[in-house]
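Visitor: Below: sequence and its predicted model.
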Amino acid sequence: MTIDERKTINTAVIQNLILENRGKLSISGVLDVLSFDDQVVMVETELGLLTVKGENLRINKLSIDTSEVIIEGNISSLSYSDKETGQNKTSFISKLFK
């Protein structure tokens, strides 16, 4: 991502990531949970796709009303990628309400 592209990111969007002792991650600004297992959780946020990696991961709280997710476990990595993933994935939420 170039410096010019970084400047064009919508600054009106507020997203918080709070990592407590690498064991509890609180995320705000969540649009959807795309996939999860005990090693990888993929979350679509207002600022892009967030991938959380670790061990014994579990989603402790998922609130669509407040756009918050809390993930607990041994968290080792957080990484963002663009919203356009190029893959046709079915979200966890859409699977849940089928």
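Guide: Yep, it's here. Residues are numbered from 1 along each chain as shown.

Visitor: Need phi/psi at Ser67.
Guide: For Ser67, the backbone dihedrals (degrees, to the nearest 10) come out as phi 60, psi 40.

Visitor: Touching, it and Leu31? I think so.
Guide: Yes: Ser67 lies in contact with Leu31 (CB atoms under 8 Å); the separation is 7.2 Å. Bear in mind the C-beta positions are built from the backbone N, C-alpha and C, glycine included.

Visitor: Tell me where the model's unsure across the protein.
Guide: 1-11, 83-98 (pLDDT under 70).

Visitor: Please name the residues that touch Ile27.
Guide: Ile27 sits next to 15-17, 43, 45, 50, 68-71 when contact means CB atoms under 8 Å, 6 or more residues apart in numbering.

Visitor: That one belongs to a strand, doesn't it?
Guide: Yes: the assignment for Ile27 by DSSP: H, G, I helix; E, B strand; the rest coil puts it in a strand.

Visitor: residue ranges for the helices of this protein, please.
Guide: Taking DSSP state H as the criterion, the chain contains helices spanning 3-7, 92-96.

Visitor: List the beta-bridge partners for the residue most central in space within the chain.
Guide: For the chain, the residue nearest the mean C-alpha position is Val43 (2.9 Å; CA atoms, centre = their mean). Note on Val43: beta-bridge partners Val33, Leu50, judged by DSSP bridges.

Visitor: C-alpha coordinates for stretch 49-58, CSV please?
Guide: The C-alpha trace of stretch 49-58 is given here as CSV (Å, rounded to 0.1, in the frame of the first residue of the first chain):
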residue,chain,number,x,y,z
LEU,A,49,-10.0,-8.6,6.4
LEU,A,50,-8.4,-9.4,9.8
THR,A,51,-6.8,-12.8,10.3
VAL,A,52,-6.1,-13.9,13.8
LYS,A,53,-3.8,-16.9,14.3
GLY,A,54,-3.0,-18.8,17.4
GLU,A,55,-3.8,-22.0,19.3
ASN,A,56,-7.0,-23.0,21.1
LEU,A,57,-8.9,-20.0,19.7
ARG,A,58,-12.5,-19.6,20.5
